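Visitor: Return atomic coordinates for the entry below.
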Amino acid sequence: MEPPDARAGLLWLTLLLAGHSGARAEVHVSVPPLVEVMQGELITLDCTPREHPEHYVLKWFLVDASGTRQYLASVEPQGAELLRTVHSSRGRSPPYKLDSKGRLEIANAQVGDEGDYVCVVKAEPAGTSEATSSVRVFKTPEATDVSPNKGTLSVMEEFAQEIATCSSPNGNPVPQITWYRNGQRLDVPIELNPKGYMTSRTVREASGLYSLTSTLYLKVYKEDRDANFHCASHYKLPSGQHGRLDSPNFQLTLHYPTEHVEFWVGSPSTTEGWVREGDAVQLLCQGDGSPSPEYSFFRLQGTQEEQLNVNFRGNLTLERVHRDQSGVYGCRVEDYDAGEEVQLVKSLELRVAYLDPLELSVPEELYVFLNSTRTAVNCSARGLPAPTVRWTKDSVTLADGPMLPLSSVTFDSAGTYTCEASTPTVPLLSRTQSFQLLVQGAPELKPKEIKPVSGSSWMEGEEVVLVCSARGYPEPKLTWSQRGDTPAEPPVEGKGWTSSSLKVKVTSALSQEGVSCNASNIHGKIGHVFHFGSVAPQTAQAGVAVMAVAVSVGLLLLVVAAFYCMRRKGRPGCCRRSEKAAPPSREPEMSHSGSDRPEQTGLLMGGPSGGGRGGSGGFGDEC
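Guide: Numbers count the residues shown, from 1 in each chain. Below is the predicted model of the structure:
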């Protein structure tokens, strides 16, 4: 089929020659030489006589594959209207249609609608003219699919092997497929080549669409083990546009021989290969061959190999490793495709570090006497590598080395001593052992100084708390020379000290005697006397007490007088000294001994003589 532009040029040339030869074809037709649409869109073909004759007949033909014209439709003016007739739709659905302007409409364009549509215009007596419009229908292919080779490809193969097959189905026109490795396009020929080539196959589906498949063949290398491959479908679009659909990436499974072997300790270890006794130790062996080869582990016993394990993981685990497992271990990679120059056996030396429990030359509780000398404690530490030893007390380092000298022992020397052994080259490998030092001796006493609360001397009756602290071993007992209140929680002097307190009242007698506290244990006794010096009397307090007693007596007399007056209220002239009345008849006098409450009698009589009003000495004038 000739290109549309060439056909259009021949058509215009034919019309030009026909007019030049004197023919009557003076009518000219204008059609779009090329119409491009996507599948499913509407195609509109316009055919217009440029001279606008009064009467003409316009016919549409479709040129089939054999070159025969198929009569489709016609248009003929009828007055102001157009007579539009569709003669054949060739079984198409929906059928062809002519719009109000006589244009041929092809709805829901399909690939089968592609072809040359010829418009023939016959206008008498102007003659006949025709033009061809080529229709192209484009269809985007479906998603590009790739099927990689699932097998194992050997790099030792000398010829190209099948890599993958790429499919770009149901497109129009036929797409193109290209291959990529790590994003770079592979320039491979379509001819057979030992390094690589590709084959393609195009299938026209029943729908008229095209499906393209491409198969890639390459010679693979070890470097391709991590390469990403994919393919892409390139397709055309109307107006000279292009599209591209990429497939997912895929990788290959390759077989290549071992070239290098590594063997190392996978568990925490030092640079010298030391591991801790009791840990789980992993020995890892790794060859760079693919697929993973078989690994065999062994231990050298002199010149003999003691087989330990065989697996495909390259992993040997020693659970709770013991010092006896120190030695040389080996790994062998069983790869028969490897070259003779490749070293498939590797070895390493495993060193198991250990530290035995520490041993002290003294028991857990060491008793020494106060001020003793030439005492030493030894800490024995055995391990590999050789440990370092130091002595501490309360986190303070006392000595470096296994020997701890104890000289000029005091009570302050008592406490917990710790021997620490560690291996600097093996982290976290350490042990400790402690003993308690108990210093025996007569007590030491520490009294708390006392001072008066106010002034420079103590006051009579003032309270004071006396405190004594003592230390020694066995723990001393504290006693007081006086009795008093003892608080429930006496103050504590410090570690190793015991305290006692006593609350007393200061008196002149206590000041002269003093108060002593004593501390004693089986080794001796020590005491201290608290002195108060001069004690001032509380004079101000005594005067206040006397005054209070006098006021109380006066109030009592007033109460007695008022009570007596109330009892004599009914008798005339009682308690009225201003009235002159005859004294009442007196009762016979009773004899009183001089010892019968003279104080009361004197208070109730009118005068000191004991006589009543008028010197009678009776009760007639009592108030």
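
Visitor: and residue 215, how far is that from residue 160?
Guide: Taking Cβ to Cβ, to the nearest Å as the measure, residue 215 falls 11 Å from residue 160. Yep, even glycine has a C-beta here, placed from its N, CA and C like the rest.

Visitor: Secondary structure element holding the residue lying closest to residue 257 once chain neighbours are set aside?
Guide: Residue nearest to residue 257 in three dimensions, not counting chain neighbours: residue 337, with 3.9 Å by Cβ to Cβ, 6 or more residues apart in numbering. Using DSSP states H and E, residue 337 maps to neither a helix nor a strand.

Visitor: Next up, the contacts around residue 337.
Guide: 156, 255, 257, 258, 289 (Cβ atoms under 8 Å, 6 or more residues apart in numbering).

Visitor: measure the nearest residue to the last one once chain neighbours are set aside to residue 521 for me?
Guide: The reference is to residue 289. Leaving aside its sequence neighbours, residue 289 sits nearest to residue 258 (Cβ to Cβ, 6+ apart; 3.4 Å). Computed as Cβ to Cβ, the residue 258 to residue 521 distance reads 81 Å.

Visitor: Could you check which of those two has the larger neighbour count?
Guide: Shown here are residue 258 and residue 521; by other Cβ atoms under 10 Å, residue 258 has more neighbours (22 against 18).

Visitor: how close does the more buried one sit to residue 336?
Guide: From residue 258 to residue 336 the distance is 10 Å (Cβ to Cβ).

Visitor: Equivalent analysis for residue 78, please.
Guide: 93 Å.

Visitor: cool, residue 494 as well?
Guide: 79 Å.

Visitor: Could you list the domains of the protein?
Guide: With domains defined by the TED database, the chain comprises 29-138, 145-255, 261-355, 359-440, 446-536.

Visitor: Redo those domains as CSV? Include mean pLDDT.
Guide: Shown next, in CSV, are those (pLDDT from 0 to 100):
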stretch, mean pLDDT
domain 29-138, 91
domain 145-255, 95
domain 261-355, 92
domain 359-440, 92
domain 446-536, 85
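
Visitor: Let's have those in a markdown table, adding distance to residue 552.
Guide: Listed next are the domains of the chain as a markdown table, based on distance: least, Cβ to Cβ, whole Å:
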| stretch | distance to residue 552 |
| --- | --- |
| domain 29-138 | 129 |
| domain 145-255 | 116 |
| domain 261-355 | 89 |
| domain 359-440 | 60 |
| domain 446-536 | 22 |
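
Visitor: residue ranges for the helices of the stretch 451-600 of the chain, please.
Guide: 508-513, 539-567, 598-604 (DSSP state H, counting those that start in this stretch).

Visitor: now the longest one: mean pLDDT?
Guide: What it means is helix 539-567. In this model, helix 539-567 carries a mean pLDDT of 66.

Visitor: Quickly note the distance from residue 155 to residue 192.
Guide: 20 Å.

Visitor: out of the two, which sits in the busier spot?
Guide: A direct count of neighbours by other Cβ under 10 Å for residue 155 and residue 192 places residue 155 higher, at 18 against 10.

Visitor: Just give the nearest non-adjacent residue to the more buried one, would you?
Guide: Nearest non-adjacent residue to residue 155 (Cβ to Cβ, 6+ apart): residue 256, at 4.4 Å.

Visitor: That neighbour bridge partners, please.
Guide: residue 290 (DSSP bridges).

Visitor: With residue 34 instead?
Guide: Assigned bridge partners for residue 34, using DSSP bridges, are residue 134.

Visitor: Could you tell me how many residues sit around it?
Guide: Quick note: residue 34 (other Cβ under 10 Å) scores 14 neighbours.

Visitor: Just to check, it is in contact with residue 116?
Guide: No. Look at residue 34 against residue 116 with Cβ atoms under 8 Å: they stay out of range, at 10.4 Å.

Visitor: ok, back up a step: now the residue nearest to residue 289: how far from residue 307?
Guide: Residue 258 is 20 Å from residue 307, by Cβ to Cβ.

Visitor: repeat for residue 391
Guide: Residue 391 is 48 Å from residue 307, by Cβ to Cβ.

Visitor: Of the two, which one has the most company?
Guide: residue 391 (20 against 10).

Visitor: What pairs with the helix or strand harbouring the more buried one, parallel or antiparallel?
Guide: Using DSSP H and E, residue 391 maps to strand 388-393. Taking DSSP bridges as the criterion, strand 388-393 forms sheet pairs with strand 396-400 (antiparallel), strand 415-422 (antiparallel).

Visitor: Report the next helix or strand after the last one in sequence order.
Guide: The reference is to strand 415-422. Next element after strand 415-422 (DSSP H and E): strand 430-447.

Visitor: Direction included, what does that next one pair against?
Guide: strand 365-369 (parallel), strand 415-422 (antiparallel), strand 463-473 (antiparallel).

Visitor: residues of the last one that come out buried?
Guide: When burial is assessed from 16 or more other Cβ atoms under 10 Å, strand 463-473 yields the following buried residues: 464, 465, 466, 467, 468, 469, 470, 471, 472, 473.

Visitor: picking that back up, wait, which of the strands paired with strand 430-447 is closest to residue 563?
Guide: With Cβ to Cβ, the closest approach to residue 563 among the strands paired with strand 430-447 belongs to strand 463-473: 43.4 Å.

Visitor: Could you pull up the contacting residues of the residue nearest the centre of the chain?
Guide: Of all residues in the chain, the one closest to the mean position by Cα atoms, centre = their mean is residue 268, 23.8 Å from it. Residue 268 is in contact with 275, 279, 427, counting by Cβ under 8 Å, 6+ apart.

Visitor: How much space separates the residue nearest to residue 155 from residue 216?
Guide: 20 Å.

Visitor: So which of those two has more stuff around it?
Guide: Higher neighbour count among residue 256 and residue 216: residue 216, with 25 against 22, using other Cβ under 10 Å.

Visitor: Isn't the more buried one up against residue 166?
Guide: Yes. Using Cβ under 8 Å, residue 216 is in contact with residue 166, at 7.4 Å.

Visitor: and which of the buried residues of strand 463-473 is nearest to residue 500?
Guide: Distances from residue 500 to the buried residues of strand 463-473, taken by Cβ to Cβ, are shortest for residue 468, at 5.6 Å.

Visitor: Between the strands paired with strand 430-447, which one is closest to residue 178.
Guide: The nearest among the strands paired with strand 430-447, by Cβ to Cβ, is strand 415-422 at 66.8 Å.

Visitor: what's in contact with the closest one?
Guide: 355, 358, 360, 377, 379, 381, 383, 387-394, 398, 402, 404, 429-437, 495.

Visitor: What residues sit buried inside that strand?
Guide: Quick answer for strand 415-422 (16+ other Cβ under 10 Å): 417, 418, 419, 420, 421, 422.

Visitor: Narrow the contacts of strand 415-422 to just the buried residues.
Guide: Buried by 16+ other Cβ under 10 Å: 355, 358, 360, 377, 379, 381, 383, 387, 389-392, 402, 404, 429, 431, 433, 435, 437, out of those.
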